[in-house]
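>>> Using only what follows, build the 3D model:
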Amino acid sequence: MDFEPGELLKNITTPADLKKLKEFDLEQLSKELRQYIVDVVSVYGGHFGASLGVVELTVALHYVLNTPYDQLVWDVGHQAYGHKILTGRRELFYTNRRYNGLSGFPKRSESEYDTFGVGHSSTSISAALGMAVASAYKGETDRQHVAVIGDGAMTAGLAFEALNHAGIANTNLLVILNDNCMSIDPNVGALKEYLTSMSTSKSYNRFRDDIGFVLGKISELGPDALGMVKKIEKSIKGTLLKNSNLFESLKFRYFGPVDGHDVKRLVKTLEDLKDIPGPKLLHCITVKGKGFAMAEKDQTKWHAPGLFDKITGEIKKSVPIKPVPPKYQDVFGHTIVELAEKNDKIMGITPAMPSGSSLNIMMKAMPDRAFDVGIAEQHAVTFSAGLATQGMVPFCNIYSSFMQRAYDQVIHDVALQKLNVVFCLDRAGIAGADGATHHGAYDLAYMRCVPNMTVSAPMNEEELRNLMYTAQLPDMGPFVIRYPRGQGVMVDWRQPMKEIEIGKGRKLCDGEDVAILSIGHIGNEVSKARIALNEEGIYPAHYDMRFAKPLDHSLLDEVFKKYKKIITVEDGVLEGGMGSAILEYMADKSYFAQVVRLGIPDRVVEHGEQSELWNECGYDANSIIKEVKNLAVSRITDTLAG
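A predicted model of the protein is given here:
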């Protein structure tokens, strides 16, 4: 589908073209850029509100900076669509987040303008500081380094660690704080309150306007004069606004807040800041979803709404002819409330993803027992550990890929102390269009090696409920339940819950010659393959392992004694995963079998639909059928040879 850009936008393929415009053209260009994002995302989907909120800032940055020589780092990348369009990718933008198309996030291999690959939050200041220090070392004193970070991403510890270092590094670094009071869900915590006080103080804002002008003039008189003005500025700020020196206490020059939708003002401010040395922070007030009324009104819903009518704002959802299974996240959300109603020790924790994890259901029903701790995975885990020391049973719900950021806390604060923290890892396995930064590929491998840890994965919604029920029983210790993004397979999923024996798998069907051992939701692809193979007269056995740790030794003994051809299937990395665990057991027990492991190979898997990526990686139903047939052929060959 062709999308017609506006009269100004159609002539821009690089920031060099943007710089040919007059400053008074930038407002019109911003309107055209915003409309182009609306046009494409409404038809092809993707993240929406975040990029609309930084259109003017994106235009101003590329107008003022000499990119890519000047280095611009976007935090997370949800807001980088305008950046992609202005940096040579407009004609391919419709492929964004599609299989073999543009990445939904900045990616170094995609463009020289993408200076740092991002997908997880709060990395921008650290990365830009590293670039700034390297530039200083190489004598590139004219090079600008800019990190654009949202107020949600600023709640992560990594951002404060970077600010702490940057304040003493004294390099040419500009941090732009994009303050819209949102990440995906509304922001929480003391930082939000602090930023709100800064943006609403009338006295402070009048002073800010005046002092900005004075500083620009006085800096021309030399370092001594500038130093005196800095002292005066700091003193007055402290008088006008309580605790106004948060960033300045970290030795950052603070400027703002400024209107993030006034492109002319942004251009002037950025031009002025280029001439001020050392670490600086520009506080921009923006509106997520700016320019699209419904996105401004319901910013969480319009973070990534899917396909929609750009005129009416109606989000297009297919109406199923018959009832469909729920999403796994919603099964979690409703089940934790059911459990908490019967067990007053249960609490829910999530790092800034209450709607994405469906913990918002518990937050609404039991607001004193469910916590959004902001984008702070490490804190979420150790906070959960603290709750567990007092007899609580915390369900810590974190996306699998985000749990990677809290691995030390999992080991040091939970596992070593044998605390009953239940880690519900959403988006486990191939995550889909979010791509490499969001695939939950590694959790089976990195959790399996941790002492005292139980690692499980349900094949369907009923199994998820049973594992959640089991995990909250007394003396369970650290417990992982990992499940994928998207729908399950059961319409009638709300069955009575029952305890599952730890480390106990199940035989789903007997078979001949070949046994397939799967773990988690991907077992449903095995079921599809088995049905198709049965129609061809091939009858593999199927076992649902349920647990990657501890393994079901009695089940494995049965398998190895009966079958000499085995296929393992997992929606996770092959190195160190469930298949590796089974090979280890086979070696330890001196069994002999031909084992084929199917799962995510040892390479980076890019973005696409889950089914496309399962096929690419070789463990969808068709791939399983192929492997079973290959083993069946080898059996016939072995028989003839014998």
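>>> Look at residue 424 and report its pLDDT.
At residue 424, the pLDDT value in this model is 98.
>>> and it, how many neighbours?
By other Cβ atoms under 10 Å, the residues close to residue 424 number 31. Bear in mind the C-beta positions are built from the backbone N, C-alpha and C, glycine included.
>>> same check, this time on residue 139
Neighbours around residue 139, by other Cβ under 10 Å: 8.
>>> For it, which three-state class applies?
coil (DSSP: H, G, I helix; E, B strand; the rest coil).
>>> Ok, the one 3 residues further on next?
Here residue 142 takes the coil state, with states given by three-state DSSP.
>>> Look at it and say how many residues are nearby.
Residue 142: 11 neighbours (other Cβ under 10 Å).
>>> and if you look at residue 342?
10.
>>> Which of the helices and strands in this protein ranks last by mean pLDDT?
helix 202-218 (a mean of 53; mean pLDDT, DSSP states H and E).
>>> Quick check: next helix or strand after the longest strand along the chain?
Among the elements of the chain assigned as strand by DSSP state E, the one spanning the most residues is strand 565-573. Proceeding N to C from strand 565-573, the next assigned helix or strand is helix 578-588, under DSSP states H and E.
>>> Would you map the helices across the stretch 151-300 of the chain?
157-169, 190-200, 202-218, 223-240, 263-274, 293-297 (DSSP state H, counting those that start in this stretch).
>>> If you could redo that for the stretch 401-550 of the chain, that was the one I meant.
Under DSSP H, counting those that start in this stretch, the stretch 401-550 of the chain gives helices at 407-409, 443-448, 461-471, 523-535.
>>> and these as JSON lines, adding mean neighbour count and distance to residue 172?
Output for the helices of the stretch 401-550 of the chain, formatted as JSON lines (neighbours: other Cβ atoms under 10 Å; distance: least, Cβ to Cβ, whole Å):
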{"stretch": "helix 407-409", "mean neighbour count": "17", "distance to residue 172": "32"}
{"stretch": "helix 443-448", "mean neighbour count": "25", "distance to residue 172": "38"}
{"stretch": "helix 461-471", "mean neighbour count": "23", "distance to residue 172": "50"}
{"stretch": "helix 523-535", "mean neighbour count": "18", "distance to residue 172": "52"}
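>>> Using JSON lines, please lay out those helices together with mean pLDDT and distance to residue 297.
Formatted as JSON lines, the helices of the stretch 401-550 of the chain follow (pLDDT from 0 to 100; distance: least, Cβ to Cβ, whole Å):
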{"stretch": "helix 407-409", "mean pLDDT": "97", "distance to residue 297": "37"}
{"stretch": "helix 443-448", "mean pLDDT": "98", "distance to residue 297": "36"}
{"stretch": "helix 461-471", "mean pLDDT": "98", "distance to residue 297": "33"}
{"stretch": "helix 523-535", "mean pLDDT": "97", "distance to residue 297": "38"}
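>>> Same list, those helices, but as CSV with distance to residue 571 please.
As requested, the helices of the stretch 401-550 of the chain are exported to CSV (distance: least, Cβ to Cβ, whole Å):
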stretch, distance to residue 571
helix 407-409, 20
helix 443-448, 9
helix 461-471, 15
helix 523-535, 9
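>>> Worst mean pLDDT among the helices of the stretch 151-300 of the chain?
Minimum mean pLDDT among the helices of the stretch 151-300 of the chain: helix 202-218, a mean of 53.
>>> Excluding chain neighbours, what is closest to residue 327?
residue 487 (5.6 Å; Cβ to Cβ, 6 or more residues apart in numbering).
>>> and what of residue 7?
Using Cβ to Cβ, 6+ apart, the nearest residue to residue 7 is residue 32, at 7.4 Å.
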